[in-house]
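**Student:** no sequence on hand, only this structure:
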């Protein structure tokens, strides 16, 4: 059990550290608008990418190689794994704020079934104040990373998934944009 918790905490911490590249608050598309983004089968309508994007060219080249049975880099369908970074594809960072930050604050400060450590509670208060003040700094991100793993430590994967689904519905996260109040915490 301890090893499983340690692995889960390490994975959560890795995710948090990887998401430190947060984008500043700006007017963002809602989750519903983002969900409507689609690419046709020929992959020719990447209208949300900058013209001449080197990254898009590399992505297209890679996909062509791994899906072409004659290419040395071909990957059979059964062996393919889709990987998404936190660019809004799976988690909308800017509508209205990073969901994982909101989850950490909510768990540490407002979840009546959980008692946060003094450090985690203080970090959550500081992070919440920074979010409300629209003054998120590297210090805010560090405090989130410091506390994120511990506030969810011991939670099973199923419980974590259930909590995320519940909070996404109750935060009304799919309809939020940066214009919306962050008063969705504590639901």
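**Tutor:** Looks like it came in fine. It should be emphasised that the depicted structure is a prediction, and the values quoted were computed from it without experimental measurement.
**Student:** show me where pLDDT drops low in this structure?
**Tutor:** Within the chain, the ranges that satisfy pLDDT under 70 run 1-49, 82-97, 171-187.
**Student:** domain ranges for it?
**Tutor:** The record's domain parsing of the chain by automatic domain parsing lists 2-27+92-175, 34-79.
**Student:** got the residue ranges for the strands in this protein?
**Tutor:** For the chain, no strands are identified by DSSP state E.
**Student:** the residue nearest to residue 73 when sequence neighbours are not counted: neighbour count?
**Tutor:** What sits nearest to residue 73 in space, not counting adjacent residues and going by Cβ to Cβ, 6 or more residues apart in numbering, is residue 65, at 4.3 Å. (C-beta placed from N, C-alpha, C; glycine too.) Residue 65: 13 surrounding residues under other Cβ atoms under 10 Å.
**Student:** contacting residues around residue 65?
**Tutor:** Each residue near residue 65 by Cβ atoms under 8 Å, 6 or more residues apart in numbering is listed here: 71, 73-74.
**Student:** distance between the ends of stretch 102-116?
**Tutor:** 15 Å (Cα to Cα, to the nearest Å).
**Student:** could you list the buried residues of that stretch?
**Tutor:** By 16 or more other Cβ atoms under 10 Å, the buried positions in stretch 102-116 come out as 102-109, 116.
**Student:** would you confirm that residue 148 contacts residue 100?
**Tutor:** Yes. The pair residue 148 / residue 100 is scored as a contact, 6.7 Å apart, by Cβ atoms under 8 Å.
**Student:** more crowded one of those two?
**Tutor:** residue 148 (27 against 20).
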